[in-house]
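Asker: Just to be clear, the model below is a prediction. Sequence and coordinates:
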Amino acid sequence: MARYELVKRSVALITLTNPPVNSLSSAVRHGIAKTMDRALSDPKVTAVVICGENGRFCGGADIREFAGPLRGPPLLPLLDSIEAGDKPVVAAIEGVALGGGLELALVCHYRIAHSKARLGLPEVTLGLLPAAGGTQRLPRLIGIPAALELITTGRHVSSQEALKLGIVDQVTEHNACEVAVEFALRAVAKPLSSRRLSALTVPCPPDLDALLEAVTMQIQKKARGVMAPLACVQAVRAAATMPYSQGIKRESELMATLFNSGQARALQYSFFAERTAGKWTLPSGAQWNDTKPREIRSAAVIGLGTMGRGIAVSLARVGISVIAVESDRKLMESGRQMVIGMLERDAKRRGVSASLNLLKFTLSLQDLKDVDLVIEAVFEDMALKKRVFQELSKVCRPTTLLCSNTSGLDVDALAGVTDRPQLVSGMHFFSPAHVMKLLEVVCGPRSSSETIATAMSLGKRMGKVSVAVGNCPGFVGNRMLKPYSDQATFLLEEGATPEQIDKVLEDFGFAMGVFRMSDLAGLDVGWRVRKESGLTGPDVDPKNPPRRRQGRKYCPIPDMVCEQGRFGQKTGRGWYMYDKPGGTNAKPDPLIQNLLETYRGRYGIKPRNITEQEIIERCLFALANEGFRILKDGIAAQPEDIDVIYQFGYGFPRHRGGPMFYASMVGLERVLERLEHYHQAHPDVSHLEPSPLLKKLVACGSPPIQKWREHIKTIHSHL
Ligand SMILES: CCCCCCC/C=C/C(=O)SCCNC(=O)CCNC(=O)[C@H](O)C(C)(C)COP(=O)(O)OP(=O)(O)OC[C@H]1O[C@@H](n2cnc3c(N)ncnc32)[C@H](O)[C@@H]1OP(=O)(O)O
């Protein structure tokens, strides 16, 4: 796990060998301890270089080992002993030096980085802090403000920035290992005391308290309820105010509070869930690692509304030439201006030049005959989409892939009107499409594995977290949203207010509560869908008892809000009131309060006090319950996919892991018991009826989430 060689007759070259990222597993730590001992005790060796195999220095501690008992040599004393050694040690950083990897580099007396390397202390993103001396050594090297920023955000820096900050001593375009060996030979005669970071004093800013206070406030605002960044501030405070020996103790104490926390478990689960989601399997047996995606050089986007514009930007900025189609010259011109403006702003932010030459705008579908792939992003109307797909089928060459950016319509019905159903899939982007990282790739029953592989790979190329899902109304994300928002509106009937429900959800960690989110998305969209499906409007059978539709309980309050022209932020009124149309500052509206009181009065509902616990349980357990149904139906292949969708598309707090992980943390037995309780109280709300899969998992002893797949493997997958 660590290779030892003698090079240039006097330099010990230690190579970490734990692919793919040379993480510091117990075997690697053991290997470092052994090879360092050998280097320090061999009189022929005058200097040491540490590097990583396959052009990657080290991706940090082995995160998988955190779940089990700590084995092998502990990292902190191992690193301390490297720093204390009397022969110069040089880190040759290629690829990445992250977390424990950077901490290893910080105990080396010199650091040489390749120009393409990235460095950082991302432990905070895993619910931890850099507890192998990172919170004490980095401030001594680069000062409190810069160290505080890097440690509390976990941001990676380029080697150029690392050089400017003083983290590395030299950046090279050449082989970092060879450069480090030459550097080590020159360092042999030089004193090491000033190179041992733990022995340095911290350059402390005069306004330390004010700085720490400001950063704490910023964290509390941006990452409400998240423990790790606050613990990082405490650890850096210790570096500033205590000698190293005490600071390091404080670092360990703070780490101990985080290490076994639910937040750390959720964040580490989220790290792996994101990677698991990319590994799809289709019912045919085809998989992510055995199906070659097509190369996409050119694409077309149909419709330059909000979604189409964002999709065009996402494609062009990764070097794909884009033909954008609109039906009307005025719309095309305004779309053109907006796409160009978005691309220019994006390029400026990233410090690159805008790829405007890749864009072409047209009114004619005939111009699409040679593109590799089309993404249709017209209005969410099946008849209109079918017309577009029929037309595309005629004009595009037979090998062109046809994708729909639908948020929930039947992808197979669209495939059915084309001459190439195997080349049709859904690509459900989230608004704004050039910002939001989630992409649901919808696999119809006739989509080929190559089509899915290509859509998934294109998503990755655009920087999206892509998740393959099956074809059903709403797919995964929007299908689950319904029980969640239904519960919220039922709670309004029973006595809650929008602001009370939103506060509970936001305190839980959601970026926005369900009502604020609906106001942002626009209330009219759902209203139109409900009208089209006969749930409200003139087509409703007058014989329907009030508050019941299609044999189920129905809450008409959202329709009543829309009937007043309150469509959310865009009209300045929705569940909340805003300063102006388009305003974002939501204030409780007495008119909504009135509407709720009148409504309850009309139906004889006596409002009751609704607790925080009930809001969380009814909204989130109903959400997870639908997730279990989705797994049972084979619409998502694994719970990780659902959790990734909810984190990246719906603002579910990452430190809670996602709805399925959250259910597993609460305990499946408890979730089942509470759903049974609420379903008994509301027998006409089918979403509260515990799903068969949840019951099955509880009957099997509530296995950990990673084992659920074994219990759902017999299910017929629609992916
Ligand atoms: C009481 C104990 C005290 C201990 C103190 C310890 C203090 C130190 C703590 C740490 O170091 S925590 C770890 C900090 N490091 C990170 O957060 C880095 C995580 N990794 C990444 O960001 C990326 O993987 C990467 C290194 C930038 C590479 O990205 P790339 O896109 O090229 O590959 P991936 O698909 O992400 O990863 C490939 C493969 O490797 C697995 N993996 C990556 N890093 C780790 C790791 N640190 N530990 C274990 N496994 C890791 C990753 O999961 C992928 O595998 P699969 O999931 O596909 O099987």
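Answerer: Sure thing, it's come through. Numbers count the residues shown, from 1 in each chain.
Asker: the helices in the stretch 351-500 of the chain, which residues?
Answerer: Here the stretch 351-500 of the chain has its helices, by DSSP state H, counting those that start in this stretch, at 382-395, 411-415, 449-461, 477-494, 498-508.
Asker: tell me which element the residue of the stretch 151-300 of the chain found nearest the ligand is part of?
Answerer: Closest to the ligand within the stretch 151-300 of the chain is residue 275: 3.8 Å, counting by C-beta to the nearest ligand atom. C-beta coordinates here come from the backbone N, C-alpha and C atoms, glycine included. Assigned by DSSP states H and E, residue 275 belongs to helix 262-277.
Asker: which element follows that helix toward the C-terminus?
Answerer: Downstream of helix 262-277, the first helix or strand assigned by DSSP H and E is strand 298-302.
Asker: The residue of the stretch 501-650 of the chain found nearest the ligand: what secondary structure?
Answerer: Using C-beta to the nearest ligand atom, residue 640 is the residue of the stretch 501-650 of the chain that sits closest to the ligand, at 10.6 Å. Using DSSP: H, G, I helix; E, B strand; the rest coil, the structure places residue 640 in helix.
Asker: thinking again about what came up before, tell me what the helix holding residue 275 is packed against?
Answerer: helix 228-241, strand 465-470, helix 639-650, helix 659-666 (3 or more C-beta pairs under 8 Å, 6 or more residues apart in numbering; DSSP states H and E).
Asker: most neighbours per residue, which of the ones you listed?
Answerer: Ranked by mean neighbour count, the helices and strands packed on helix 262-277 are led by helix 639-650 with a mean of 27 (mean count of other C-beta atoms under 10 Å).
Asker: Identify the residues contacting the residue minimising distance to the centre of the chain.
Answerer: Geometric centre of the chain, nearest residue: residue 648, 4.5 Å, by C-alpha atoms, centre = their mean. Applying C-beta atoms under 8 Å, 6 or more residues apart in numbering to residue 648 gives the contacts 430, 436-438, 465.
Asker: strand partners of the helix or strand harbouring residue 51, parallel vs antiparallel please.
Answerer: Following DSSP H and E, one finds residue 51 within strand 47-52. Strand pairing for strand 47-52, determined by DSSP bridges: strand 11-16 (parallel), strand 89-93 (parallel).
Asker: Check the offset of the shortest one from the chain's centre.
Answerer: In this case it means strand 89-93. 32 Å (C-alpha atoms, centre = their mean, to the nearest Å).
Asker: can you put the strands paired with strand 47-52 in JSON lines and add distance to the ligand, mean pLDDT and mean neighbour count?
Answerer: Output for those, formatted as JSON lines (distance: least, C-beta to the nearest ligand atom, whole Å; pLDDT from 0 to 100; neighbours: other C-beta atoms under 10 Å):
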{"stretch": "strand 11-16", "distance to the ligand": "12", "mean pLDDT": "98", "mean neighbour count": "24"}
{"stretch": "strand 89-93", "distance to the ligand": "13", "mean pLDDT": "98", "mean neighbour count": "30"}
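Asker: can you map out the strands along the stretch 101-250 of the chain?
Answerer: For the stretch 101-250 of the chain, applying DSSP state E, counting those that start in this stretch gives strands covering 110-114, 118-120, 156-158, 170-172.
Asker: If anything else comes up later, I'll come back, but that's it for now.
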